[in-house]
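**Student:** Quick one: sequence plus predicted model below, questions after.
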Amino acid sequence: MLRIHGSARSRAVRTLWMVGELGLSYDHNDILPRSPGTRTPEYLALNPNARVPTIEDDGLVLSESMAINMYLAKKHNSPLYPADPANEALMWQWSLWETDRLDRQITTYANHTTALPEAQRDKATADAAWAEIEPALTILNAALTAKPWLAGDAFSVADLNVAGALFRGLSMDWSRWPALTAWLALCWSRPAAQKAKAQREA
């Protein structure tokens with residue numbers, strides 16, 4: 001059986017969303033990032049980076065949530081995995097773009113504006129993160145203004161990967177980017193996304 005290591009309160013929420021879309025059964029090792037569970041000899045043998053998520057699937061050990069989602073969708077012949085090579089390339093493009101332009105930056109911004117205790121927040125750090133986030137959101141909004149989905153004519157792994165990574169955006173005021181805001185809400189309204197969200201908020 002598929003085994004997922006990683007709490008829904010981490011990047012593993014993207015993988016939990018994906019398995020919901022695919023209707024897969026799985027065993028869940030619910031460990032938080034940087035928790036003792038990520039530093040056991042058993043876990044480090046699976047992922048020496050001590051990060052989550054990691055999956056074990058039919059002898060394959062795989063980490064990095066974006067790669068995991070692509071693998072699972074393709075393995076299970078899901079229509080979420082683009083069959084057209086051009087759309088497949090767009091899936092890769094947007095997934096890699098998000099990890100470079102928004103993933104770390106949004107986490108940093110959220111930590112230093114709301115998530116961390118006030119005494120640990122640093123305004124300069126938050127401002128520096130926002131200076132990177134703002135133009136990236138403008139780029140994404142422009143793409144979603146031109147067409148409703150990131151890789152083809154329907155919701156795909158590209159949308160799941162990027163929207164999954166932008167979970168914190170659901171609680172931020174992004175009204176300056178209306179196409180992005182509408183797309184993000186639509187992605188997260190899917191039943192599998194709502195289930196993953198409930199796991200994260202439990």
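**Tutor:** Right, received. Where do you want to start? What you see is a predicted model; the values in this text were computed from it and never measured.
**Student:** what are the ranges of the helices in this structure?
**Tutor:** For the chain, the helices defined by DSSP state H occupy 12-22, 41-46, 65-75, 85-98, 104-110, 123-146, 157-165, 178-188, 191-201.
**Student:** any idea how far the spatially most distant residue from the centre of the chain is from His112?
**Tutor:** Relative to the mean C-alpha coordinate of the chain, counting by CA atoms, centre = their mean, the farthest residue is Ala119 (28.4 Å). Distance check for Ala119 against His112: by CB to CB, to the nearest Å, it reads 12 Å. (Glycine included, C-beta is placed from N, CA and C.)
**Student:** closest one to Leu32 among the helices of the chain?
**Tutor:** The minimum distance between Leu32 and these falls on helix 12-22, with 9.6 Å, by CB to CB.
**Student:** got the angle between that closest one and helix 178-188?
**Tutor:** If you take axes from the mean of the first three to the mean of the last three CA atoms, to 10 degrees, helix 12-22 sits at 60 degrees to helix 178-188.
**Student:** Out of the helices of the chain, which gets nearest to Pro53?
**Tutor:** helix 12-22 (3.6 Å).
**Student:** can you list contacts of that closest one?
**Tutor:** 2, 4-6, 8, 26, 28, 52-53, 55, 65-66, 68-69, 72-73, 76, 78, 80, 157, 160-161, 164-165, 167, 190-193, 195-197, 199-200 (CB atoms under 8 Å, 6 or more residues apart in numbering).
**Student:** That one vs helix 157-165, what angle?
**Tutor:** 140 degrees.
**Student:** got the CA positions of helix 12-22 in PDB?
**Tutor:** Extracted as PDB, the C-alpha positions of helix 12-22 are listed here (Å, rounded to 0.1, in the frame of the first residue of the first chain):
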ATOM      1  CA  ALA A  12       2.400  17.000   2.200                       C
ATOM      2  CA  VAL A  13      -1.100  18.600   2.000                       C
ATOM      3  CA  ARG A  14      -0.500  18.700  -1.800                       C
ATOM      4  CA  THR A  15       0.100  14.900  -1.900                       C
ATOM      5  CA  LEU A  16      -2.900  14.300   0.300                       C
ATOM      6  CA  TRP A  17      -5.000  16.400  -2.100                       C
ATOM      7  CA  MET A  18      -3.600  14.300  -5.000                       C
ATOM      8  CA  VAL A  19      -4.400  10.900  -3.500                       C
ATOM      9  CA  GLY A  20      -7.900  12.200  -2.900                       C
ATOM     10  CA  GLU A  21      -8.300  13.200  -6.500                       C
ATOM     11  CA  LEU A  22      -7.100   9.700  -7.500                       C
END
